[in-house]
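Asks: Sequence plus the predicted model coming up.
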Amino acid sequence: MRNKELDRQRYEKYKPIYDEWIKLYPFTTESLDGEIWKPIPDYEDYHCSNFGRVKRFYKNGNVKILKPALTKDGYLRVALYKNGKQKNFRLNVLVGKLFIPNPLNKPEVNHEDGCKFNNHVSNLIWSTDVENKRHAVRTGLKKSGEDDWHAKLNNEQVIY
């Protein structure tokens, strides 16, 4: 039950920010200045841009920019369909796989500025789990020490 409550709290934290952000989201199908589009492998009807936007090409000739949804942990995701089956993809991962080389095969795509809504290629970097967690503590996204709810000791007790 504790995990569901934490998930709800995290979602509630990001929901008002998402609601304001989506009002400003560019749903125009025209490319923005400097925007580059690449097809998403295995999903031939979809393209992703270096700005973190995804568009779908319909068989009738229509093109639509997808509205990203908010995950329970505050990331943006899009649902892609293939053969009638839906699969969800986080935008930062899509942009990372399509636009950022990963010669060291690092498994995660981190937001350098800490803003999970900023999926522009210039804000993303491949990282390991440890690098990602250290970055979260350094930028204040994750609490550490006695401020973390898991903490059994306060800072003075640790030093003692």
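Replies: Yes, it's here. Residues are numbered from 1 along each chain as shown.
Asks: biggest helix in this protein, by residue count?
Replies: Under DSSP state H, the helix in the chain containing the largest number of residues is helix 2-24.
Asks: Can you give me the buried ones in the helix or strand immediately after it in the chain?
Replies: Downstream of helix 2-24, the first helix or strand assigned by DSSP states H and E is strand 37-40. In terms of neighbour count (16 or more other C-beta atoms under 10 Å), strand 37-40 has its buried residues at I40. Where C-beta positions appear, they are placed from N, C-alpha and C, glycine not excepted.
Asks: any idea of the mean pLDDT for strand 37-40?
Replies: Strand 37-40 shows a mean pLDDT of 98 in the predicted model.
Asks: before we move on, the earlier item: and the longest helix of the chain, what does it pack against?
Replies: Contact partners of helix 2-24 among helices and strands, from 3 or more C-beta pairs under 8 Å, 6 or more residues apart in numbering; DSSP states H and E: strand 69-70.
Asks: Send over the helix or strand following the strand it packs on as PDB, restricted to the C-alpha atoms.
Replies: Where DSSP H and E defines the elements, the next helix or strand beyond strand 69-70 is strand 76-82. Only the C-alpha atoms of strand 76-82 are listed here, as PDB (Å, rounded to 0.1, in the frame of the first residue of the first chain):
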ATOM      1  CA  LEU A  76       6.400  12.300 -20.300                       C
ATOM      2  CA  ARG A  77       5.400   9.300 -22.300                       C
ATOM      3  CA  VAL A  78       3.600   8.600 -25.600                       C
ATOM      4  CA  ALA A  79       1.700   5.500 -26.600                       C
ATOM      5  CA  LEU A  80       2.600   4.000 -30.000                       C
ATOM      6  CA  TYR A  81       0.600   1.400 -31.800                       C
ATOM      7  CA  LYS A  82       1.700  -1.400 -34.000                       C
END
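Asks: Given strand 76-82, what are its sheet partners and their directions?
Replies: strand 69-70 (antiparallel), strand 85-90 (antiparallel) (DSSP bridges).
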